[in-house]
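[1] Okay, here's the prediction I keep looking at, along with the sequence it came from:
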Amino acid sequence: MSQSADDSVQRTRQRPAQRTALRELISEIEHRMADPTAKGLALAVSRAVREQALQPGDRLPPIREVARELALSPTTVSSAWGLLARAGTLRTKGRRGTVVADLGAPRDGRYRQALEHQAELSLDLSTGVPDEALLPGLGRALAAVTTAGTPRSYLDDPVLPELAEVLVDSWPYPPPAIAVVDGAMDALDLVIRTSLRFGDRVVVEHPSFPPLLDLLEAAGVQVVGVPLDDEGMVPDALTGALDTAAQAVFLQPRAHNPTGVSMTPSRAGALARIIGATDAIVVEDDSAYGIASTADVSLGTSLSGQTVHVRSFSKSYGPDLRLAALSGPEDLVGEVRRLRQLGQGWSSRLLQRVLHHLLTDAQSRAEVVAARAEYARRRKVLVDALAARGVIAGGRDGINVWVPVADQATALVRLASRGIGVAPGGPFAVLADGHDHVRVTVGLVERDLETVADEIATAALASGWGARGR
Ligand SMILES: Cc1ncc(COP(=O)(O)O)c(C=O)c1O
């Protein structure tokens, strides 16, 4: 059926009361619109909300309907909704559509839910951060950086040339273009803001990293979860998810947070073949660079024109360096640079020089290699000890273990009562399951791993109401 025939069937299907409500809502927006652009439409909706013509919770019609009624293109309406979602005026509610946000309501997001706990804990393994004692010393790097330096212009190349050289030489594939940004979260935010529009469809791993899910929700995109197995994202499930066009597929190639899964090279090849047959971009978040025991792996080796690869230095060199590098197609990286020029401009070259020193200094490199071995030891001891107690946790790399539990709430309370904090699985879940796990940042536990395993296994096996009387 042609689009216009389709539209007219839809219109006749609407009941008269619905049609009147739609017309009223559109006219509230229309008479506040100064110009027929995305910005004009976004401003008109904002005014309608401020003047209470639109109320928190009001549902907006689908983008196509708004576009048709206002004689705009769907792209213009989608861009306007994107601006409004970023400003917090609109929220997407999955199948329930787009609603006017309640600005008074708390917006905690998954990130906070994953990390928040009430009790004072003697051993907080909920955080996902590296062990400070395993970060390389900064003394020599700081001593080597004696001046702050001044760029010739605020439009200078934002990447320190000697750092760019080290990055290109160590990148898993020849990168078309590179940028240095303020951490992997900054990289993901910039890629989402430059490459995705409100209403776009994106594929993520299930489970996934809560702050990424929060960013995608704030951008107003539809998130489709695809499960993982021991080798990475499941190819058949990805094929199914891509039956309907998606704009991006987000992956963590190594030491997946929370599961610890590292993608195998053959799985990377299979996923590249599936995604290569579509127009979607791949966004890889290699957050465990330096401390991952498995080899660097990227779909960029066969799909460099479609791949954004993000490398964070937080786990290996320290989260407070706030540095990550990203590679991608020239036009995408160019957009990222232009967007940054309006904000922070660039990531401090002083910090880039510190990072360059750390990446090239033999002693710092040896310290990171030692940290990698120590994280692998801690993870293995805990996973083996849990298995010996009947709790089978998967994954093979990184600082986290994704522990299956009989009942999430019981496990959290039980561990908290023993002074141990872990992150609830719920905020990581994209599909229905996932609430039956907790994430344990075992990378923070240097000794007494057997005792910690005892506590975790007991909590994991305790089930809800039945367990309380025991
Ligand atoms: C998967 C993943 N992505 C991104 C980040 C944040 O990295 P950064 O400190 O570089 O922003 C983390 C930190 O835990 C992570 O686990």
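    On my side now, so go ahead.

[2] of all the residues in this protein, which ones are close to the ligand?
    Residues of the chain lying near the ligand by C-beta under 6 Å from any ligand atom: 128, 183-185, 209, 252, 257, 285, 287, 312, 314, 319, 324. Heads up, the C-betas are built off the backbone N, CA and C, glycines and all.

[3] try 8 Å
    Listed as neighbours of the ligand in the chain under the rule C-beta under 8 Å from any ligand atom: 128-129, 182-188, 209, 211-212, 252, 256-257, 285, 287-288, 310, 312-315, 319, 322-324, 400.

[4] Filter these down to just the ones in helices.
    184-188, 211-212, 314-315 (DSSP state H).

[5] Is it possible to get CSV of the residues you listed that adds distance to L359 and pLDDT?
    Formatted as CSV, those follow (distance: C-beta to C-beta, whole Å; pLDDT from 0 to 100):
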residue, distance to L359, pLDDT
A184, 17, 98
M185, 21, 97
D186, 19, 97
A187, 18, 98
L188, 22, 98
P211, 25, 96
L212, 26, 97
S314, 14, 98
K315, 14, 97
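
[6] Neighbour-wise, give me the winner out of the residues you listed.
    Highest neighbour count within these: K315, with 30 neighbours (other C-beta atoms under 10 Å).

[7] what sits against that residue?
    130, 287-291, 398-399 (C-beta atoms under 8 Å, 6 or more residues apart in numbering).

[8] Just flag the most distant two among those.
    Y289 and I399 (12.6 Å; C-beta to C-beta).

[9] Just confirm S364 contacts L355, I think it does.
    No - if you go by C-beta atoms under 8 Å, S364 and L355 don't touch, sitting 10.0 Å apart.

[10] Overlap of the contact sets of the two?
    Overlap of the contact sets of S364 and L355 (by C-beta under 8 Å, 6+ apart) consists of Y317.

[11] These two: which is more packed in?
    Using other C-beta under 10 Å as the criterion, S364 and L355 rank with L355 on top: 23 against 20.

[12] The more buried one reaches L163, doesn't it?
    Yes - using C-beta under 8 Å, L355 is in contact with L163, at 6.5 Å.

[13] closest point of the protein to the ligand, which residue?
    Residue nearest to the ligand within the chain (C-beta to the nearest ligand atom): G183, separated by 2.9 Å.

[14] residue ranges with poor pLDDT in the stretch 51-200 of the chain?
    Applying pLDDT under 70 to the stretch 51-200 of the chain flags the ranges 94-95, 103-108, 114-119.

[15] How are the helices of it distributed by residue range?
    Ranges of helices in the stretch 51-200 of the chain, per DSSP state H, counting those that start in this stretch, are 63-70, 74-86, 109-115, 139-144, 161-170, 184-195.

[16] Measure how buried E51 is and give me the count.
    Using other C-beta under 10 Å as the criterion, the residues surrounding E51 number 10.

[17] and if you look at the one 3 residues further on?
    One way to gauge burial is a neighbour count; for L54, by other C-beta under 10 Å, it gives 21.

[18] how close does it sit to G290?
    According to C-beta to C-beta, to the nearest Å, L54 and G290 sit 49 Å apart.

[19] mind checking the end-to-end distance for stretch 290-308?
    Its start and end residues considered, stretch 290-308 measures 19 Å (C-alpha to C-alpha, to the nearest Å).

[20] So in the chain, which strand runs the longest?
    For the chain, the longest strand by residue count, based on DSSP state E, is strand 222-229.

[21] Check which helices and strands it sits against.
    Here strand 222-229 touches strand 201-206, helix 210-218, helix 235-241, going by 3 or more C-beta pairs under 8 Å, 6 or more residues apart in numbering; DSSP states H and E.

[22] Give me the nearest residue to Q344, chain neighbours excluded.
    Nearest non-adjacent residue to Q344, counting by C-beta to C-beta, 6 or more residues apart in numbering: D182, 7.0 Å away.

[23] Of the helices and strands packed on strand 222-229, which shows the lowest average pLDDT?
    Least confident of the helices and strands packed on strand 222-229, judged by mean pLDDT, is helix 210-218 with a mean of 94.

[24] Just the buried positions in that one, please.
    Buried residues in helix 210-218, counted by 16 or more other C-beta atoms under 10 Å: 210-218.

[25] how close does the residue most central in space within the chain get to A325?
    Nearest to the mean C-alpha position of the chain, counting by C-alpha atoms, centre = their mean, stands L212 at 2.1 Å. Counting by C-beta to C-beta, the gap from L212 to A325 is 18 Å.
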